[in-house]
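J.: Predicted model follows, preceded by the sequence.
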Number of protein chains: 2
Amino acid sequence: MTAAAPPLYTVEHGLGTFGPELVQLAAALDDRFVRFAGAWQAAAMAYPPLMRVRDLDRVDYFRNFPHLVTLTSRLEPGCLPRYAEQAEPVTTVPAAHATASAYVLPSAACYHVYFHLRDQTLSAPHYVTTAAQCFRNEDEWAGLARLWAFRMREIVCLGPAAAVNGFLTAMKDTVQRFLAAIELPCELKVATDPFYDRRGSRALLQVLAPVKYEFIHDGSVAIASANFHRNFFGERCNIRTADGAFAFSGCVAFGIERWMHALLSHCGGSAQRARSLVEREGAGGSPR
Amino acid sequence: MTAAAPPLYTVEHGLGTFGPELVQLAAALDDRFVRFAGAWQAAAMAYPPLMRVRDLDRVDYFRNFPHLVTLTSRLEPGCLPRYAEQAEPVTTVPAAHATASAYVLPSAACYHVYFHLRDQTLSAPHYVTTAAQCFRNEDEWAGLARLWAFRMREIVCLGPAAAVNGFLTAMKDTVQRFLAAIELPCELKVATDPFYDRRGSRALLQVLAPVKYEFIHDGSVAIASANFHRNFFGERCNIRTADGAFAFSGCVAFGIERWMHALLSHCGGSAQRARSLVEREGAGGSPR
């Protein structure tokens, strides 16, 4: 067996390894989504690859999604000599050897946006784009469609409700036009998001007005979503608009590996054809 | 306070947040290093953002660097209801609520290259480039020069000793010519690397023949390194050359944030000037 001609990708335990063609396809997809963000003059930010437990708790994350969280810790100082002198193979590190976890891996790219704007007042609608390596524990993995670790590009709008709604409506249209241009069949569906406190008034509101739309490929794989958070993050992070009210927010999220999954399926497994579709001039680069 | 004009970057607890100008500078640096890799027709790969404990143990990682390791875990299933119903703020998760750790965050980008080539025979020298978000616990952090989480781009050569030595010699020259072209003052210094079993014969060999060179900015910050591993990874991962011998390997590593640190210091804090230096035509893009 030689190392020549690596496969397009392999997945093991929800973790993907990508060869050169999919590295290029991922870059082309991200570049396309960044161009969508450019139409809004969104600030391209890079946030830390870890989040504080106490920040995520502020937005009820541990109440709503405790099963998804990937925690981080380090070896207890008292255990270091044991490992330095270890003779037996180490296959796992018992929790008793680890410190408490104050940081976790992100499960979505946009949380940092709200934490970073904490206690600020926005004089105008504020647009940010960022990408993150995200992690979600799932009961089972499914190729590129359901991974433990995946990349997410998001475009976020914060401001008055009207600005956020306008952004989400226009972005849904942008994504639909892009999908039409590359002829990738997807359905736009209303989805439910258990993000908000299920016992509170927001759960009722969600029934009355949809807050999440998903672009579904092949009946089951959400490759993008548009999410209206109302003023949830504004309130929890004390982000205000010029009139002193809590800012509303909304985000559009793109799952890079899921787009690759859909495009490869659409293009008979050809990464090259998928990439040429994504890079095609005029395919969705139009202004908002 | 408004959200306009974000700072170039902020660092908190060894974790950096980067504004648009440094997002662009990081991309320009990575692009430059990928072009270095292109001269070797290196395969651009993307590996998982987590590594298995048992893989790292195979290369003595826990014996040599147990203090650096950032572990990952999830909440014990039995603890999930407690978090779902939590009324008090959550600031840390005690180790007693976490599972054992079978995966850790990478501390360098190139380990995956060797694990991925396990049990393979290379018919010719093999070149790979990859970038990773890396994590190292340190006793203290120092701006962009010493972070908990940082990005590393590596170019790796595997094959016979002569090919690896030729690669490292040429790459040291490439980096030096690039540094000269952008007039970034750095010293090339022999460094010690505690990677190999300190009790074994490799420790003696390291004294006799340098295996690590570092490009040092401002007397203390290593922005790049060239590392000769002899056949350590080839042996541990059973990677062989055509003649059946264990493959030798070497890597050249670039710390993206440290380059930004050095360039910003060199350019009076101007990210724009730093980027124009990095993107300057003819600055090190020359063939090997």
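T.: Received the coordinates, thanks. Numbering: from 1, shown residues only, chains lettered A, B, ... in the order given.
J.: what about chain A, any weak spots by pLDDT?
T.: Along chain A, the model assigns pLDDT under 70 to residues A:1-6, A:193-209, A:281-288.
J.: need the strands for it, in chain order.
T.: Along chain A, the segments classed as strands by DSSP state E run A:9-12, A:15-18, A:43-44, A:51-52, A:70-74, A:103-104, A:121-122, A:126-135, A:149-159, A:187-191, A:212-217, A:221-228, A:240-241, A:248-255.
J.: Looking at those, which is nearest to chain B?
T.: Closest approach to chain B among the strands of chain A is made by strand A:15-18 (3.6 Å; C-beta to the nearest C-beta). For every residue, glycine as well, the C-beta is placed using N, CA and C.
J.: Reformat the strands of chain A into TSV and put distance to residue A:261 and mean neighbour count next to each item.
T.: Below are these laid out as TSV (distance: least, C-beta to C-beta, whole Å; neighbours: other C-beta atoms under 10 Å in any protein chain shown):
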stretch	distance to residue A:261	mean neighbour count
strand A:9-12	10	16
strand A:15-18	10	22
strand A:43-44	25	20
strand A:51-52	26	20
strand A:70-74	21	24
strand A:103-104	26	24
strand A:121-122	36	18
strand A:126-135	15	23
strand A:149-159	10	25
strand A:187-191	16	13
strand A:212-217	8	21
strand A:221-228	6	23
strand A:240-241	38	20
strand A:248-255	9	26
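J.: can you redo these as JSON lines with distance to residue B:65?
T.: As requested, the strands of chain A are exported to JSON lines (distance: least, C-beta to C-beta, whole Å):
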{"stretch": "strand A:9-12", "distance to residue B:65": "24"}
{"stretch": "strand A:15-18", "distance to residue B:65": "22"}
{"stretch": "strand A:43-44", "distance to residue B:65": "34"}
{"stretch": "strand A:51-52", "distance to residue B:65": "25"}
{"stretch": "strand A:70-74", "distance to residue B:65": "11"}
{"stretch": "strand A:103-104", "distance to residue B:65": "19"}
{"stretch": "strand A:121-122", "distance to residue B:65": "44"}
{"stretch": "strand A:126-135", "distance to residue B:65": "22"}
{"stretch": "strand A:149-159", "distance to residue B:65": "22"}
{"stretch": "strand A:187-191", "distance to residue B:65": "44"}
{"stretch": "strand A:212-217", "distance to residue B:65": "42"}
{"stretch": "strand A:221-228", "distance to residue B:65": "39"}
{"stretch": "strand A:240-241", "distance to residue B:65": "46"}
{"stretch": "strand A:248-255", "distance to residue B:65": "33"}
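J.: The ones you listed: which one's closest to residue B:58?
T.: strand A:9-12 (16.0 Å; C-beta to C-beta).
J.: Give me the residues contacting that closest one.
T.: Under the criterion C-beta atoms under 8 Å, 6 or more residues apart in numbering or on different chains, residues A:16, A:17, A:18, A:19, A:22, A:141, A:143, A:144, A:147, A:260 lie in contact with strand A:9-12.
J.: Using PDB, write out every CA atom in it.
T.: Output in PDB follows, covering the C-alpha atoms of strand A:9-12 (Å, rounded to 0.1, in the frame of the first residue of the first chain):
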ATOM      1  CA  TYR A   9     -12.100  12.100   2.700                       C
ATOM      2  CA  THR A  10     -12.400   9.600   5.500                       C
ATOM      3  CA  VAL A  11     -14.500   9.800   8.700                       C
ATOM      4  CA  GLU A  12     -13.900   8.000  11.900                       C
END
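J.: and it, which strands flank it?
T.: strand A:15-18 (antiparallel) (DSSP bridges).
J.: Quick one: residues contacting residue A:267.
T.: A:273, A:274, A:277.
J.: In a markdown table, list the contacts of strand A:9-12 along with distance to residue B:161.
T.: Shown next, in a markdown table, are the contacts of strand A:9-12 (distance: C-beta to C-beta, whole Å):
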| residue | distance to residue B:161 |
| --- | --- |
| A:16 | 33 |
| A:17 | 27 |
| A:18 | 30 |
| A:19 | 27 |
| A:22 | 32 |
| A:141 | 40 |
| A:143 | 39 |
| A:144 | 38 |
| A:147 | 38 |
| A:260 | 38 |
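J.: So which of those residues is surrounded by the most neighbours?
T.: Within these, most neighbours by other C-beta atoms under 10 Å in any protein chain shown means residue A:260, with 28 neighbours.
J.: For residue A:13, give its distance to chain B.
T.: Distance of residue A:13 to chain B, computed by C-beta to the nearest C-beta, to the nearest Å: 8 Å.
J.: Now for that residue, how many residues are close by?
T.: Neighbours of residue A:13 (other C-beta under 10 Å): 13.
J.: Verify the stated contact: it with residue A:141.
T.: Yes - in this structure, residue A:13 is within contact of residue A:141 by C-beta atoms under 8 Å, at 6.9 Å.
J.: what do those two both touch?
T.: Common neighbours of residue A:13 and residue A:141 (criterion: C-beta under 8 Å, 6+ apart): residue A:148.
J.: What is the nearest of the contacts of strand A:9-12 to chain B?
T.: Looking across the contacts of strand A:9-12 and measuring by C-beta to the nearest C-beta, the closest to chain B is residue A:18, at 4.1 Å.
J.: mind listing what the closest one touches?
T.: By C-beta under 8 Å, 6+ apart, the contact set of residue A:18 is A:8, A:9, A:26, B:45, B:46, B:47.
J.: roughly how far apart are the nearest residue to residue A:109 once chain neighbours are set aside and residue A:156?
T.: With sequence-adjacent residues excluded and distances taken as C-beta to C-beta, 6 or more residues apart in numbering or on different chains, residue A:109 is closest to residue A:132, at 3.7 Å. For residue A:132, the distance to residue A:156 equals 12 Å [C-beta to C-beta, to the nearest Å].
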